[in-house]
Every structure is written in C-alpha cells, then in structure tokens.
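Asks: Model the following, please.
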Amino acid sequence: MKPPHRVLSTPHADAWIARLSEQHGDLMFHQSGGCCDGSAPMCFVRGEFRTGAQDILLGHIAGDVPVWIGAAQFEYWRHTQVTIDVVPGRGAGMSLESPEGVRFLVRSRIFTDEEAAALEMAGEPERGG
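Replies: Below you'll find the predicted structure:
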C-alpha cells in the first residue's frame with residue numbers, strides 16, 4: 001500500500017491559498033504547537049518563518065505549498081492525517097489570512113492500522129535544515 005498523505009487541504013482552503021499567493025507570492029504553513037492562536041496552522045510568505053531541525057515536513061498542499069510542524073507537536077499528531085480548512089472569523093495569530101476575516105484551522109482523523117503501517121514502512125518524514 002502506498003502511504004497516505006499526512007496533510008490535505010479542502011477546496012475552500014485551496015482557493016484562499018491561491019488568493020493569498022497572488023497577493024504575497026510563494027507561501028508556506030507551519031502548524032503551531034500551542035502558541036499564537038492555539039494550535040492553528042499559520043500561513044507565511046515562504047522563507048519568512050525559518051524552519052530548522054526541530055521542524056518536520058508534513059507534505060505539500062494546494063500544489064506546492066509546504067506544511068511544516070514542530071517535532072514535539074508531530075509526536076502527538078503522527079498518527080493523524082491533518083486537513084487544512086478555512087472558516088469565517090479572525091484568528092489571533094500572525095497568519096497572512098488574519099486581516100481577511102477568515103482563519104485557517106485543522107481537522108484531523110486517525111490513520112487506519114493499514115495506513116499507519118504504510119507510513120512506518122516509508123520511514124520518517126523530512127526535517128528542516
């Protein structure tokens with residue numbers, strides 16, 4: 001079995017990502033681990049948030065937008081598939097969508113035993129550098 005994606009995005013989130021990309025250029029996400037609006041996915045101009053060895057690449061959404069998560073947070077969430085969505089309202093963080101009257105959030109589900117085994121066989125995800 002091919003390993004499942006660790007991160008997905010909804011069509012509504014993809015539309016907002018495209019809109020923000022038109023305004024700001026290449027984007028990236030970092031899944032915060034409790035600061036800055038709880039555990040919300042934060043959207044930044046790519047490179048504006050510096051990733052390091054303590055960050056794990058969950059995958060890419062909306063084409064080529066990387067989604068990172070802190071290693072400690074990843075340990076809590078490694079058994080879940082994360083879906084980035086967007087809802088009306090304003091988050092309290094520094095994320096690019098904040099002034100637009102919407103906020104990104106995550107929805108998640110636990111991987112099946114078969115999916116978890118496929119992810120384990122695929123090895124550890126890439127770390128920042």
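Asks: Got the confidence number for the closest residue to Leu27 other than its chain neighbours?
Replies: Counting by C-beta to C-beta, 6 or more residues apart in numbering, the nearest residue to Leu27 once its immediate chain neighbours are dropped is Val65, at 5.1 Å. All C-beta atoms are positioned from the backbone trio N, CA, C, and that covers glycine. We have a pLDDT of 98 for Val65.
Asks: ok, now Ala40?
Replies: According to the model's per-residue confidence, Ala40 sits at a pLDDT of 85.
Asks: now swap in Ser32 and tell me
Replies: According to the per-residue confidence, Ser32 scores 69 in pLDDT.
Asks: got it, and Leu57?
Replies: What the model reports as pLDDT for Leu57 is 97.
Asks: from what I can see it touches Pro66, true?
Replies: Yes - with contact defined as C-beta atoms under 8 Å, Leu57 counts as touching Pro66 (6.0 Å).
Asks: returning to what we had before: contact partners for the residue nearest to Leu27?
Replies: In this structure, Val65 makes contact with 17, 21, 26-29, judged by C-beta atoms under 8 Å, 6 or more residues apart in numbering.
Asks: Out of those residues, the closest to Thr51 would be?
Replies: Proximity of those to Thr51 (C-beta to C-beta) peaks at Met28, which lies at 8.2 Å.
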